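Okay, predicted coordinates and the sequence, questions at the end:
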Amino acid sequence: MRIVEIREKTVGIKSDIANAYIDFSQMTCSTVAVITDVVRDGKPVIGYGFNSNGRYGAGRLMRERFIPRLMSASPDSLIDAADGNLDPFRIWARLMSNEKPGGHGERSVAVGTIDMAVWDAVAKIAGKPLYRLLADRYRGGVADESVWVYAAGGYYYPGKGVEALQDEMRSYRDRGYKVVKMKIGATSLEDDLRRIEAVLEVVGDGRNLCVDANGRFDLKTAVAYAEALKPYGLFWYEEAGDPLDYALQAELANHYDGPMATGENLFSHQDARNLIRHGGMRPDRDWLQFDCALSYGLVEYMRTLDMLAENGWSSRRVVPHGGHQMSLNIAAGLHLGGNESYPDVFKPFCGFADSIAVEDGRVRLPSLPGIGFEDKAELFRTMREALETGG
Ligand SMILES: O=C([O-])CC(=O)C(=O)O
Ligand SMILES: [Mg+2]
């Protein structure tokens, strides 16, 4: 068995939405296909992957470095001796050979995207949904049959008033979500409080609402928001300050008893470990949002989960950023706390299987082999078309 070819292509996912830090007017995303010589149902097995929103496509890194490095390995060196399948760990080691530690910039996106496609291929070759393969290999065969998901949106958008924000949230609730998330921090505190109260009119209790500042605040502003948010009893207060400012995060915990969330912009298990060591995050109430597609993939994610366990953190406190099916599989197979969902934004790289609706804030996974992209028609078509002829 061998990888015959790896293709990558950058596609656009631009839109008019904005959070407190960036707009998405130029946003792109890498797609990857790992083509194997294994044949199933008369066709070669192909694993697919893409990177989550927020970081741009990393095609050049893949083309110039990671794909040639992997393809120049001897095929046998990438095989799992135990079952003859591709070995994501050996593939990862090859991808990262001759890479210095530290500086986890865009290369973590390139490797994370290839890693996603590798796991899709591995699960397809094994003939199982990825979540089932993960549970069988690493959790004694026990998978979660459904995963808690929340609807992320509530972006700033030109001309969008509170009525439009309320309509958006109402439509998420109509589609089976209980908890929703909205952006804060791009406007004044007073204006954000008006927006929050408008959303609470729709979702009722503060426990049904998360707010996300996207790392915009300095300590003073983060604390001012914390004081103002306290009475609402929100589900979480997300990424108040710069993702690498662990001291800010730790100080904020002295001003806010409610749950906080962060981690989507930490791209390695070492960075995650620094957050746990220095960020004052509380294992009894806070949430961790590392996203495998941005942070060297599932091979690295397992190191992060091991690190968390060593530090007394339950995997149930992890709810990945990104709203993709890869993290949904990890959540179900490795027992995370849930997963983000984008019911509407970042199309078609959003939402889950076409055939499965969200019910009571939870979603099940399809039973087809792999990550499940084939049960998501618009996404699958986009990736197939982009990757038909390669980069
Ligand atoms: O707006 C973004 O960059 C996405 C984000 O923070 C999230 O999904 O939590
Ligand atoms: Mg966020």
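It's in. Ligands and ions are numbered 1, 2, ... in the order given.

quick check, distance from stretch 341-360 to the centre of its chain.
Distance of stretch 341-360 from its chain centroid, counting by C-alpha atoms, centre = their mean, to the nearest Å, is 13 Å.

what about it and ligand 1, any contact?
No - for stretch 341-360, no contact with ligand 1 is found by C-beta under 6 Å from any ligand atom; the gap never falls below 7.1 Å. No exception for glycine: its C-beta is placed from N, CA and C like everyone else's.

And that stretch, what's buried?
For stretch 341-360, the buried set under the neighbour-count rule, 16 or more other C-beta atoms under 10 Å, comprises 341-346, 348-353, 358.

Could you tell me which residues of the stretch 151-300 of the chain lie near ligand 1?
Checking the stretch 151-300 of the chain against ligand 1 by C-beta under 6 Å from any ligand atom, the hits are 152, 212, 214, 264.

at 8 Å what do you get?
152, 155, 181, 183, 212, 214, 238-239, 264, 289 (C-beta under 8 Å from any ligand atom).

Could I get the full set of helices for the protein?
Applying DSSP state H to the chain gives helices spanning 59-61, 67-71, 88-95, 107-126, 130-138, 162-174, 189-203, 219-229, 246-252, 269-278, 297-310, 325-334, 377-387.

Including distance to Ile371, mean pLDDT and mean neighbour count, could these go into CSV?
Converted to CSV, the helices of the chain look like this (distance: least, C-beta to C-beta, whole Å; pLDDT from 0 to 100; neighbours: other C-beta atoms under 10 Å):
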stretch, distance to Ile371, mean pLDDT, mean neighbour count
helix 59-61, 21, 97, 18
helix 67-71, 19, 98, 17
helix 88-95, 13, 98, 19
helix 107-126, 5, 98, 27
helix 130-138, 5, 98, 20
helix 162-174, 24, 98, 16
helix 189-203, 30, 98, 16
helix 219-229, 36, 98, 17
helix 246-252, 32, 98, 19
helix 269-278, 22, 98, 18
helix 297-310, 11, 98, 20
helix 325-334, 5, 98, 27
helix 377-387, 10, 95, 17
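
and of those, who's closest to Val363?
helix 325-334 (7.2 Å; C-beta to C-beta).

Pairing partners for Tyr150 in the sheet, please.
Listed beta-bridge partners, Tyr150: Glu340 (assigned using DSSP bridges).

circling back: out of the residues of the stretch 151-300 of the chain next to ligand 1, which are inside strands?
152, 181, 183, 212, 238 (DSSP state E).

can you tell me which residue is nearest the centre of this structure?
Gly322 (3.0 Å; C-alpha atoms, centre = their mean).

and the nearest residue to that one once chain neighbours are set aside, what does it touch?
Spatial nearest neighbour of Gly322, excluding adjacent residues (C-beta to C-beta, 6 or more residues apart in numbering): Ser52 at 3.5 Å. Contacts for Ser52 (C-beta atoms under 8 Å, 6 or more residues apart in numbering) come out as 29, 291, 293-294, 321-324, 349.

Between the buried residues of stretch 341-360, which sits nearest Thr221?
Val345 (25.1 Å).

Just to check, the closest one is in contact with Ala18?
No - applying C-beta atoms under 8 Å as the test, Val345 and Ala18 come out as separate, 11.1 Å apart.

Backbone torsions only: list them for the closest residue to ligand 1 within the stretch 51-200 of the chain.
Residue nearest to ligand 1 within the stretch 51-200 of the chain: Gly54 (4.0 Å; C-beta to the nearest ligand atom). When read as degrees, to the nearest 10, the backbone of Gly54 gives phi 100, psi -30.

That one contacts Leu294, doesn't it?
Yes - counting by C-beta under 8 Å, Leu294 is a contact partner of Gly54 at 7.2 Å.

Span of stretch 359-375 from start to end?
The first and final residues of stretch 359-375 sit 18 Å from each other (C-alpha to C-alpha, to the nearest Å).

looking only at pLDDT, what's the mean for that stretch?
When pLDDT is averaged over stretch 359-375, the result is 98.

how close does the closest residue to Gly351 other than its chain neighbours get to ligand 1?
Nearest residue to Gly351 in three dimensions, chain neighbours excluded: Pro343, at 5.8 Å (C-beta to C-beta, 6+ apart). Counting by C-beta to the nearest ligand atom, to the nearest Å, the separation of Pro343 from ligand 1 is 12 Å.
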